[in-house]
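S.K.: model this:
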Amino acid sequence: MKVIPSLFQANQLDVSSVKKVVKLTALAGLLLTPQVIARDYSPFKFHVSRTSTDSAQVGDTNAELQRDVWRLKLSGAMPINKEWMIGANIGYDNLDYGFKNIDSGVLNGQVTPWNSINKYSAGLSLIYRPNQNWMFMVAPKLQYSYANTASSSDAQSYGVVGSAMYRFESGNMLGFGVAYLNDISEVKTVPYIAVRWKITDKLTLGNPFEAGFSGPAGLELTYNLNEKWDFGLGTSRRTERFLISDAEQTIEVEEWVSFLRAGWNISNKATVNAYGGYFFNSEMELSQPEVTDELENQAAIGLAFDIRF
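M.R.: Here you go, the predicted structure:
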């Protein structure tokens, strides 16, 4: 299993994205709410985020890598009737890789350094709520992820995420999900826990990210100071896989990320989240030939903006 920082996506820190990204728990909360006031219902959400990491040493070489990520995502969801809801999303990520002190390529000289990665994604979701306690979701996904040294023709990945969640009388929700992903040159199945559990009036445990190509959903403990401000502490395993050449070579970056988040609810429809994170146990692996380099632990920062309309 491998991962490039999708920290706040959420795929960097998706610092890859972010607590408020049309995710399972958000949809679950909407579906399991007894009443939705029509005039307050906003079916669409636009997300934009920027994350940056410190420079990290690559393996035992003098090479260093610094990463910046722009992430854009437009999503929408609407109820069909009392039991069914349908949703869709499209996204674009641009990952900027800044290599320094490169003598003879990276990964034992097997690969010419790349400068950027383009990632295009699209997905659908279908949610079924047979009663006030159970909710089931299935979400097919499609993605193209490739470096500037490769073309998009062989960079396709697809998969499906399925989950089941149970709502207790207290309003707390707990469930289990599985992501089946036919990623570039690799098929994998990733289980994850789906949770939204109110520990106290101020503390809630939930999933900060979407499950999918960027990794499992992770966990975040949120403290709600008031209606305007909330703070989070979380961790997740993140991954990024992309095509590096038209010879079907791929790079996969896998790492763990811990983060602190400060969220500001500007209004009922707009939120801003600021992140400070730390990537650790990071690895970068080439598929052919199989070569792996460790990445030095590194700090990261991020800023994400969400607006509903």
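S.K.: what residues are up against residue 283?
M.R.: 2, 253-255, 292-295 (C-beta atoms under 8 Å, 6 or more residues apart in numbering). Glycine gets a C-beta too; all of them are placed from N, C-alpha and C.
S.K.: so of these, which ones are in strands?
M.R.: Judged by DSSP state E, those include 253-255, 292-295 as members of strands.
S.K.: Now residue 170: which helix or strand?
M.R.: Secondary structure assignment for residue 170, by DSSP states H and E: no helix or strand.
S.K.: one step back: and the contacts of residue 283 as TSV, adding neighbour count and pLDDT?
M.R.: As requested, the contacts of residue 283 are arranged in TSV below (neighbours: other C-beta atoms under 10 Å; pLDDT from 0 to 100):
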residue	neighbour count	pLDDT
2	24	37
253	26	96
254	22	96
255	29	97
292	14	94
293	20	94
294	15	95
295	24	95
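S.K.: from the residues you listed, which single one is nearest residue 183?
M.R.: residue 2 (9.4 Å; C-beta to C-beta).
S.K.: if we can go back for a sec, tell me which of the contacts of residue 283 is nearest to residue 69?
M.R.: residue 253 (11.8 Å).
S.K.: hmm, back to that, would you list the contacts of residue 283 in JSON lines and tack on distance to residue 116?
M.R.: What follows is the contacts of residue 283, written out as JSON lines (distance: C-beta to C-beta, whole Å):
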{"residue": "2", "distance to residue 116": "19"}
{"residue": "253", "distance to residue 116": "14"}
{"residue": "254", "distance to residue 116": "20"}
{"residue": "255", "distance to residue 116": "19"}
{"residue": "292", "distance to residue 116": "22"}
{"residue": "293", "distance to residue 116": "19"}
{"residue": "294", "distance to residue 116": "23"}
{"residue": "295", "distance to residue 116": "18"}
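S.K.: Tell me where the protein has helices.
M.R.: For the chain, the helices defined by DSSP state H cover 24-31.
S.K.: Contact partners for the closest residue to residue 123 other than its chain neighbours?
M.R.: Spatial nearest neighbour of residue 123, excluding adjacent residues (C-beta to C-beta, 6 or more residues apart in numbering): residue 141 at 4.3 Å. Counting by C-beta under 8 Å, 6+ apart, residue 141 touches 121-123, 158-161, 181, 212-213.
S.K.: mind running it again at 10 Å?
M.R.: 89, 121-125, 157-161, 179-181, 210-213 (C-beta atoms under 10 Å, 6 or more residues apart in numbering).
S.K.: can you tell me which of the residues you listed are in strands?
M.R.: 89, 121-125, 157-161, 179-181.
S.K.: Among those, name the buried ones.
M.R.: Using 16 or more other C-beta atoms under 10 Å as the burial test, those include 89, 121, 123, 125, 157, 159-161, 179, 181 as buried.
S.K.: tell me which of those is nearest to residue 288?
M.R.: residue 157 (17.2 Å).
S.K.: Now do the same contact list for that closest one.
M.R.: Here residue 157 is in contact with 119, 121, 141-145, 181-187, 212-213, 241-243 (C-beta under 10 Å, 6+ apart).
S.K.: switch to 8 Å and redo it
M.R.: Residue 157 touches 142-145, 181-184, 213, 241, counting by C-beta under 8 Å, 6+ apart.
S.K.: Just the buried ones from those residues, in ChimeraX syntax?
M.R.: Here is the ChimeraX command that selects the buried residues among these (16+ other C-beta under 10 Å):
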select :143,144,145,181,183,184,213,241
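S.K.: Residue 191 - how many residues pack around it?
M.R.: Burial of residue 191 is recorded as 10 neighbouring residues (other C-beta atoms under 10 Å).
S.K.: so what's it up against?
M.R.: Counted by C-beta under 8 Å, 6+ apart, residue 191 has contacts 176-179, 216.
S.K.: you'd agree residue 154 is up against residue 249?
M.R.: No - taking C-beta atoms under 8 Å as the definition, residue 154 is not a contact partner of residue 249, at 10.0 Å.
S.K.: more crowded one of the two?
M.R.: residue 249 (20 against 16).
S.K.: so what's the more buried one closest to, chain neighbours aside?
M.R.: residue 288 (5.3 Å).
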